[in-house]
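> what follows is a predicted structure for the sequence shown.
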Amino acid sequence: MIKHNFKIAWRSIWNAKSYTLINIVGLSAGLASFIIVLLYLNYELSYDTWSPELEKVYRVGMETNGDVQYNTPAPLASFLAEKDPNIVTSTSIQESGDFEGLLSTNDKSVYQDGLIIADSNFFNVFPLKIVQGNTKNPLEKPNSVLISEELSKKLFGNADPLGQTIKLYNFFETTVTGVMAKAETPSHLKAHLVALSPYGEEVNHWQNFSYTTYIKLKGPVSEENITDRINRVYFNERLKKEKQTFEEYQKGAKKTSLFVDAVPNIHNFPKYESSNIQTVAILFVLAILLLIIGAINFSNLSIAKSLGKTKEIGVRKVLGSGNWNLFWQFMAEAILQCVISLIIAIGVVLLSLPYVNSIFGLELSLGSNFEFLGQIGLCLGAIILISGLFPSILLSRFKLLKILNGGTSTGNKGLILRNVLVIFQFIVTSFFIIAIVVINKQLNYIQTKDKGFSEEQLVRIESSQNTRDTNFETVRDQLLDIPGVEAVSKTTNVPGDKFADSSTVNFSFKSKEFKMNSVKISAGYFTTLKTAIVHGRNFQNTGADIHTQTAIINETAAANLSSQNVLGENLFFPGCEEKPMQIVGIVKDFNVLGFENKVQPAVFTIGNEACMFQSGGAILARLNTQNPKASIDKIESLWKQVEPGTPMRYSFLDDNFQQLFSSYYRLQKVISFFGIIAILISIMGLFALTTFILKQRVKEIGVRKVLGAEVTNIVALMSKNFLILVSLAILFAIPLSWYAMNKWLENFAYKTELSWWIFMISGLIVLMIAFLTISLKTIKTAMANPVKSLRTE
């Protein structure tokens, strides 16, 4: 019987090639989109699952008076391991993450991310597999370094890396003692190189907040449990004053406390950091909606196609076929088409994955993951039920007498369900169209909004600390001698940098503390940016300015200080009351971190003579030339003398700002693609329902034509009910879209408005799409010879 049903099903779909093609294309598009997003979701959820030991590992952070930081004191890791018997081991590390540091060998210099400076306990906490070298205690010897297989290939080719020398950051030399295998799943902690810390006990003090602390417990416990334990230990040993209790301290307004993130939760569910999982979850929901409207479209098309088979159904019933036999015949047809759609979808996914991986920087693959295959199997089963169950039940329950009398009506219940499906389809379509308009409007706003400075032909030049701090004046003069270079300066906080410093310092002003960003610059910084001093004066490269006795603040800082006239007033670094800095100017606010964050209150100073040493950042050079490449070539030639053996790295600030918003541009592409798929599927669904109605009312149309009705009258008559349904869908979609887009825009401190015209234009687009789809089929039917439709068979 099963073989017979599938044989009949194959013949049926083969004999209706046009319907079958539309069916399969719509469902394949929905399935392919869903599978790619499902792969993406699985990839995100697989972070830090490469070893079961990681379930016992926790990262320790610190919260001080509401400020959260993951840079913790140098001795914290060993302190906690010593004081808490449940902690097996701990490690303190300094990591570069996505920032690329300089590595040098005898004949090669490269920039590489994932550089880690760690203590000897690192591999006891993170059990990375070592494929070459000492596996028991890989960081035992001084100057030891382990590198990944990928980095080994990059630096040494096919040569044996063990015993080779690598210089880190042009600062200290290390010897390769091992090679690490790549973790089986992605990790929040990039580890292409792990070097034993070269720093001695002189840096191991509680004022050194430059380490990330990880602890490993005897077994996994709740984050609340371990947080309470380590906070009690830290309070009793470090914070307690006289007879103060832990509970009393916790109730205070000003306090310092520790918190933990379980390592498997850091990437997706951190306590305080932002996470990508929300975006992925939203994409997953949208992909499910696409899949559902594809299945709805499949169902509607199946019903429309089967209207021509009512006599066949009647004959089968007369010959003894029961409802159950007919049900499985139609289900076999649905199963066959769904399986074919899945096979095509998998082919589309395989072709699309390289493109998707390159856009999103991922490593997605179908692989042979049985859990993923099970998910696809469940998805296929659900789609077969959604797309095949309703038409199979509907068609198998046609009444024999109605069929023999030429009727196919299934009553009001079928009509109501059909209308609900149409409304649902166009709610989804309307949502995607509104989302596309809003996202494009926000990204256009980002492109055109004034950043507070001129980013055109502004070049960021990566440089060593020696070049920035010791030789800057000489290098600046050499750069200014190059034709096309108009201005040169330096800063510790470069606008547009992915890793721009957003930390704050508790400056003292009139005996009150104000949290503001501290930025060290050179005298020509604001001139280089072409940003205006709105009050007071600019820095000069002489006198009090270069000795950190003066400061310039931005407009936001001036507003926060709540003083009528801050010019001439003194500002102090924390704990540095003996070295006042006179505020000599107020600079116009300019954007450093991108448009997700408001402009921070900032204090700009020159030099490092006010109790707080700051370095880092980069050199900025403004070009004023019709041929930027010629100037860049000359800068590169000069750089070979300034930093010999170091490849010059530069970028334009306008490109850097574009990179800051790369995730939003990727989202724009995904939503636009989903929107196109949703529109196509909805068009096909509406085409199916129009066909359904026209077949039922073909004789009525013939009578109307004979009585003098024009084609336009017939089109209006056939379109009216559907356009009402589409209008209802738009009305439902508008509040949903407004809420969703408003939540998305909350990611931006500076954002466009959700104007009423966005929803009006989007609604008109949806109505136009629906009307054109209905009209094309209706006009063809209305122009047919009424004699054919009225002929008695």
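It's in.
> care to break this protein down by domain?
Using automatic domain parsing, the domain ranges for the chain come out as 2-43+276-446+662-790, 52-266, 458-658.
> now those as TSV including mean pLDDT, mean neighbour count and distance to residue 452?
Where C-beta positions appear, they are placed from N, C-alpha and C, glycine not excepted. Shown next, in TSV, are the domains of the chain (pLDDT from 0 to 100; neighbours: other Cβ atoms under 10 Å; distance: least, Cβ to Cβ, whole Å):
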stretch	mean pLDDT	mean neighbour count	distance to residue 452
domain 2-43+276-446+662-790	77	18	11
domain 52-266	90	17	25
domain 458-658	88	18	3
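> secondary structure element for residue 722?
Assessed by DSSP states H and E, residue 722 sits inside helix 711-745.
> skip ahead from that helix and say which helix or strand is next.
Later in the chain than helix 711-745, the nearest helix or strand by DSSP H and E is helix 756-782.
> tell me which stretches of the stretch 601-750 of the chain form strands.
602-605, 618-623, 650-652 (DSSP state E, counting those that start in this stretch).
> do the same with the stretch 151-300 of the chain
Under the criterion DSSP E, counting those that start in this stretch, the stretch 151-300 of the chain contains strands at 165-168, 172-180, 193-196, 212-217, 256-262.
> just the stretch 451-600 of the chain next, same as before
458-461, 485-491, 505-509, 512-520, 533-536, 550-554, 570-571, 581-587.
> format those as a markdown table; extra columns: distance to residue 184.
Shown next, in a markdown table, are the strands of the stretch 451-600 of the chain (distance: least, Cβ to Cβ, whole Å):
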| stretch | distance to residue 184 |
| --- | --- |
| strand 458-461 | 37 |
| strand 485-491 | 41 |
| strand 505-509 | 42 |
| strand 512-520 | 40 |
| strand 533-536 | 55 |
| strand 550-554 | 47 |
| strand 570-571 | 52 |
| strand 581-587 | 50 |
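> nearest to residue 781, out of these?
strand 458-461 (63.0 Å; Cβ to Cβ).
> now that closest one, how far from the centre of its chain.
Distance, stretch centre to chain centre, for strand 458-461: 27 Å (Cα atoms, centre = their mean, to the nearest Å).
> before we move on, what about stretch 695-711?
Per Cα atoms, centre = their mean, the centroid offset for stretch 695-711 relative to its chain is 54 Å.
> measure it end to end?
17 Å (Cα to Cα, to the nearest Å).
> and if you look at stretch 212-223?
Stretch 212-223 has an end-to-end distance of 18 Å (Cα to Cα).
> surely residue 759 touches residue 737?
Yes - the pair residue 759 and residue 737 qualifies as a contact (Cβ atoms under 8 Å) at a distance of 7.2 Å.
> now do the shared contacts for these two.
Residues touching both residue 759 and residue 737 by Cβ atoms under 8 Å, 6 or more residues apart in numbering: residue 434.
> the stretch 1-150 of the chain: strands as residue ranges?
For the stretch 1-150 of the chain, applying DSSP E, counting those that start in this stretch gives strands covering 57-64, 67-69, 87-95, 101-104, 109-112, 115-118, 130-133, 144-148.
> need these in TSV (columns: distance to residue 486).
TSV is the format used below for the strands of the stretch 1-150 of the chain (distance: least, Cβ to Cβ, whole Å):
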stretch	distance to residue 486
strand 57-64	43
strand 67-69	38
strand 87-95	37
strand 101-104	28
strand 109-112	28
strand 115-118	35
strand 130-133	51
strand 144-148	42
